[in-house]
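> Could you work out the structure for the sequence below:
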Amino acid sequence: MSSTPEYDYIIVGAGSAGCVLANRLSADASLRVLLLEAGPRDSHPLIHIPVGNGRIIPKAKYNWKYETEPQAHLDDRRILWPRGKTLGGSSSLNGMIYIRGHSRDYDLWRQQGVSGWSYADVLPYFKRAEGNVRGADAFHGEDGPLYVGNSAHNHDLFDAFVASGVEAGYPSNTDFNGAEQEGFGRYQFTIRNGRRWSAATAYLKPVLSRPNLTVETGALTQRVLFENNSAVGVQYARGNRVTIVHAEREVILSGGVVNSPQLLMLSGIGPADDMKSVGILPVIDCPDVGGNLQDHLCVHTVHESNTRTLTDELVRLERGAVSVARAFLTRSGPASAFPLEGGAFIRTSEDLDIPDAQFHFSAGNLLSLIRRPFVSHSEDHTRPDAFMCHVCQLRPESRGDVRLLSSDPRDVPIIQPNYLSEIRDRETMREGFKAMRDVMHQPALSRLSNGEIWPDPSVRTDAEIDAFIRATAGTVYHPVGTCRMGSDDYAVVDEALQVRGAKNLRVVDASVMPTLVGGNTHAPTVMIAEKAADMILGRTAPEPETCA
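Residues are numbered from 1 along each chain as shown. A predicted model of the protein is given here:
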């Protein structure tokens, strides 16, 4: 075991939040910053091609490849949980959709007693991070590191999807992150000039030459070191070599919804009895570490297309090779964007004030990219000559947890989301599926469809729909909440993201969200890190911005 010189700040995890923190903290040349990442550098070229994640996700080198415990309400299936294990974290694997959630989500955090986290409080940080191609306005920034661009595909299926939503009685919407979220439209993406604009690309790579910033990859952090309940450093392993590093100011955990609570528990902060059961001596008894787990569950429908789809271009060998080569060489073509451009936020009941379900529509069949990459035509529901839509419930009531399997940092934790354990969630998923199916059968899309091939059109009754959901539903990869922020004594971190009962220790990532936001979670995670950087550095927060 070796020991290295001290740093001011040690950041564990180079994902969406960790990259932001590394940039913002190291901007002060007097501060020594160490960023530790368990995975390798993001050097694989397909990471940076927007459709390349279909080939990257199966690789354990770049993906933690977690899976859940068998889910009682999903036919006892284990659900795959991809999580990024490289510079950029999950922002190097995700679908690159830029969504903040609904303004009410953040106002709810404030109403739960977490001051400084209302929508008016966090909007300036969203704008600070954002470099939106549409320019700056009351809701958007244009000079931030995180490039946000418009959809790039000119395809009739996307126009037909929006038209079908209007035919079904919903409004159209040109900006889901503006004054109103509800409606049908096209997503914006963190894709710039035909390349994935991950947190590593946006925040980390421009500052790698700073002499006060050290980045270590292949470094698995094993535990946080304490003296009198104060974090003083970490122990990490690179291969067989174990190293101890010290932090003069703070240790910051940015490992995400699985790794951050796992590291807290490995370090003795968590449910005391659970830690004792695997041989860990408790430092701080904090029962809620690893609890409050929430995720977006989704179910999809697939139609055979009577027009050429984007995946028909990408998956067939001769066309796919040309498309990928074109993306590499000219940054253009179907591989230089992402097929999931159609979006919608709807209310499954007129009694609701805000949308409770989200649609992702693709002018192609993403199952053909992930499960059957670069193979010939298939007659089943993974066939490339098809288009698809999936619906997810935005604010599930079901809660799960992450628990240690053992005291070995290399052992995958026990992940138990408890999907659909609440009746309300099962009802919402069913109604969301019905609404999605109704849109997919409107005239605008029906003209381009040869019929529904998934599920079988005979699936009609509530019982049959429920059975289909149990048999096929999966995650949209938006888990949050396992290091919950709150003002109560049971919260894992306070409003400044400091771990309760510990000194000089924070958690900064999606695990601190008290409740899921109504949308994709990458942009909110970047916002959390931007706000955290100000708090860590003692900077005054910008004035709240209220948009009428």
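> List the contacts of stretch 28-39.
6-14, 18-19, 22, 25-26, 61-62, 84-87, 204, 210, 212-221, 234, 236, 245, 247, 249, 259, 537 (C-beta atoms under 8 Å, 6 or more residues apart in numbering). Every residue, glycine included, has its C-beta placed from N, CA and C.
> what about 7 Å?
Under the criterion C-beta atoms under 7 Å, 6 or more residues apart in numbering, residues 7-14, 18, 22, 25-26, 62, 85-87, 212-217, 219-221, 236, 245 lie in contact with stretch 28-39.
> Can you give me the end-to-end span of that stretch?
26 Å (C-alpha to C-alpha, to the nearest Å).
> Could I get the average pLDDT for that stretch?
When pLDDT is averaged over stretch 28-39, the result is 98.
> buried ones in it?
For stretch 28-39, burial by neighbour count (16 or more other C-beta atoms under 10 Å) applies to L31, R32, V33, L34, L35, L36, E37, A38, G39.
> can you check stretch 329-338 too?
Buried residues in stretch 329-338, counted by 16+ other C-beta under 10 Å: G333, P334, A335, S336, A337, F338.
> Repeat that for stretch 215-232.
Buried, per 16+ other C-beta under 10 Å, within stretch 215-232: 215-217, 219-226, 231-232.
> what's the closest of these to G279?
Taking C-beta to C-beta as the measure, G279 lies nearest R223 of the buried residues of stretch 215-232, at 12.9 Å.
> so when I look at the closest one, I'm seeing a strand, right?
Yes: using DSSP: H, G, I helix; E, B strand; the rest coil, the assignment for R223 is a strand.
> that older thread, keep only those of the contacts of stretch 28-39 that are in strands.
Among these, DSSP state E puts 7-12, 213-216, 220-221, 236, 245 in strands.
> which among those gets closest to F328?
V215 (25.9 Å).
> how about the nearest residue to the closest one, chain neighbours excluded?
Spatial nearest neighbour of V215, chain neighbours left out: L35 (4.7 Å); criterion: C-beta to C-beta, 6 or more residues apart in numbering.
> Over to the one you found. Which of the three states is it?
Strictly by three-state DSSP, L35 counts as strand.
> now it: how far from L146?
18 Å (C-beta to C-beta, to the nearest Å).
> Please apply the same query to G135.
15 Å.
> a markdown table for the buried residues of stretch 329-338, including distance to D107?
Shown next, in a markdown table, are these (distance: C-beta to C-beta, whole Å):
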| residue | distance to D107 |
| --- | --- |
| G333 | 42 |
| P334 | 40 |
| A335 | 40 |
| S336 | 38 |
| A337 | 34 |
| F338 | 31 |
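> of all these, which comes closest to I79?
Using C-beta to C-beta, these come closest to I79 at F338, 22.4 Å.
> surely that closest one meets N94?
No: taking contacts as C-beta atoms under 7 Å, F338 lies outside contact range of N94: 9.6 Å.
> just the strands in the stretch 201-350 of the chain please.
Read by DSSP state E, counting those that start in this stretch, the stretch 201-350 of the chain holds these strands, from start to end of the chain: 213-216, 220-227, 230-238, 241-253, 269-270, 284-285, 297-305, 342-346.
> okay, these, which one's buried deepest?
With neighbours taken as mean count of other C-beta atoms under 10 Å, these reach their highest mean count in strand 269-270, at a mean of 29.
> Touching that one from outside, list them.
L264, V283, I284, C286, V289, G290, V499, A502.
> Distance-wise, check the third one relative to A231.
Remark: distance between I284 and A231 (C-beta to C-beta) = 11 Å.
> who touches both of those two?
In contact with both I284 and A231: A502, using C-beta under 7 Å, 6+ apart.
> how about low-confidence regions in the stretch 351-500 of the chain?
Counting by pLDDT under 70, the stretch 351-500 of the chain contains low-confidence residues at 370-379.
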